[in-house]
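Asks: Quick one: sequence plus predicted model below, questions after.
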Amino acid sequence: MAVTENKILEVKNLKKYFPVKAGIFRKTVAHVKAVDDVSFDIYEGETLGLVGESGCGKSTTGSTILRLLEATSGEVSFKGEDILSLNRNKLRTIRKEMQMIFQDPYASLNPRMTVADIVGEPLKIHDLYNKKSDRDEKVKELLESVGLTAEQMNRYPHEFSGGQRQRIGVARALAVDPKLIIADEPVSALDVSVQAQVINILQDLQKEFGLTYLFIAHDLSVVKHISNRVAVMYLGKIVEITNKSELYDNPLHPYTQALLSAIPEPNPERKKERTILEGDVPSPVNPPSGCSFHPRCPAAMDICSKVEPEFKDYGNGHFASCLLLD
Ligand SMILES: Nc1ncnc2c1ncn2[C@@H]1O[C@H](COP(=O)(O)OP(=O)(O)OP(=O)(O)O)[C@@H](O)[C@H]1O
């Protein structure tokens, strides 16, 4: 399925603050602003890459959309339905259509369960294929769709390589026939040679089943191949979002430029200038005033520490928040 004009997911002003407690009465003394006013849409059939350094809030965004974490405020609507206000029953029904694939294929599969039980578990939870023989048939089909074999269904996770385990994770996510998959760093724990295989499988499955992906990664090179659009996140906020070619050819935000310059250039003749990001990512408990990127920004001016930049459209759906662009 090609990318359509239907918004399957709309995220508006989403915030997730974690309380920081201290003292014998465990009083809340501050908040970790993990997701701080994030808005974006995803169109049906599309892959939106969500990229940023460790700790910028990508996983929290994914988990809050699926209500694995409760949002502090904001709106998330999936196919027009307001997810954040659904009761448990309705949430359970809609969860079938939104699945997550996790980063660590070692930690996310129960070592004591066979592959058949792992992949079949969501079917049981959602009361699908109640007869064991039907469920096993479905599991076989799912394993084959991710390039594994039916014979492997009675084995345990430790008998598989990292890439194969991630395929098991993908098969499990697909079991309930979802529409949207949030893939949280699905290839970060894998060898580079295996990363491309898993990404290719995800792309093939997208075509076959008309899936939509939110694909989370900390590295812009990983999402380049698979994404239609890319959103760049820094300290709880999206600082730039646009379609893939625009982002890689014409990045507007200095943070995006720095992330791009960190990608190794395989061709030595096309050596590029590198922007080395100075210092550490500031704490999301007490983000810097003004533009939160200013302490590390190679182009920062005085005003950047005083005024918070607006998130503006610079044409053709290319949004960025940087005072230097005005
Ligand atoms: N349960 C929690 N309680 C308190 N703070 C949390 C909690 N979960 C995450 N955080 C903090 O929220 C911020 C965002 O974390 P998150 O895991 O979403 O970032 P990330 O971009 O996905 O990073 P990574 O790539 O390392 O997973 C971090 O500062 C993190 O320490």
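Replies: Right, received. Where do you want to start? Keep in mind it's a predicted model, so treat the numbers as computed, not measured.

Asks: buried set for stretch 293-307?
Replies: 293, 294, 295, 296, 297, 300, 304 (16 or more other Cβ atoms under 10 Å). For the C-beta atoms, the positions are set from N, CA and C on the backbone; glycine is no exception.

Asks: CA atoms only: put it into PDB for me.
Replies: Only the C-alpha atoms of stretch 293-307 are listed here, as PDB (Å, rounded to 0.1, in the frame of the first residue of the first chain):
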ATOM      1  CA  PHE A 293      19.800  23.300  22.200                       C
ATOM      2  CA  HIS A 294      21.600  26.700  22.600                       C
ATOM      3  CA  PRO A 295      24.300  25.500  25.100                       C
ATOM      4  CA  ARG A 296      25.500  23.000  22.500                       C
ATOM      5  CA  CYS A 297      24.700  24.900  19.300                       C
ATOM      6  CA  PRO A 298      27.700  25.900  17.300                       C
ATOM      7  CA  ALA A 299      25.800  28.800  15.800                       C
ATOM      8  CA  ALA A 300      24.000  30.100  18.900                       C
ATOM      9  CA  MET A 301      23.500  33.800  19.400                       C
ATOM     10  CA  ASP A 302      22.600  35.800  22.500                       C
ATOM     11  CA  ILE A 303      18.900  35.700  21.800                       C
ATOM     12  CA  CYS A 304      18.900  31.900  21.700                       C
ATOM     13  CA  SER A 305      19.300  31.700  25.500                       C
ATOM     14  CA  LYS A 306      16.400  34.100  26.000                       C
ATOM     15  CA  VAL A 307      13.600  33.300  23.500                       C
END
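
Asks: Which one of the buried residues of stretch 293-307 is nearest to the ligand?
Replies: Closest to the ligand out of those is residue 293 (14.9 Å), distances taken as Cβ to the nearest ligand atom.

Asks: Can you give me the distance of that closest one to residue 41?
Replies: Separation of residue 293 from residue 41 (Cβ to Cβ, to the nearest Å) stands at 24 Å.

Asks: Spell out which residues sit in contact with the residue most central in space within the chain, please.
Replies: Central residue check for the chain by Cα atoms, centre = their mean: the C-alpha nearest the mean position is that of residue 216, 2.8 Å away. Residues in contact with residue 216 (Cβ atoms under 8 Å, 6 or more residues apart in numbering) are 49, 50, 51, 58, 59, 61, 62, 182, 183, 184, 185.

Asks: Which secondary structure element is home to it?
Replies: Assigned by DSSP states H and E, residue 216 falls within strand 212-217.

Asks: helix or strand for the one residue in the stretch 201-326 of the chain that gets nearest to the ligand, which one?
Replies: The minimum distance from the stretch 201-326 of the chain to the ligand, using Cβ to the nearest ligand atom, falls at residue 284 (4.6 Å). Under the criterion DSSP H and E, no helix or strand holds residue 284.

Asks: again, but for residue 238
Replies: Here residue 238 is assigned to strand 237-243, by DSSP H and E.

Asks: Please compute how far the next helix or strand after that strand lies from its chain's middle.
Replies: Once the chain leaves strand 237-243, the next helix or strand it forms, by DSSP H and E, is helix 244-249. For helix 244-249, the separation from the chain centroid amounts to 19 Å (computed by Cα atoms, centre = their mean, to the nearest Å).

Asks: Show me what from the stretch 1-150 of the chain comes close to the ligand.
Replies: Listed as neighbours of the ligand in the stretch 1-150 of the chain under the rule Cβ under 6 Å from any ligand atom: 18, 32, 34, 52, 54, 55, 56, 57, 58, 59, 60.
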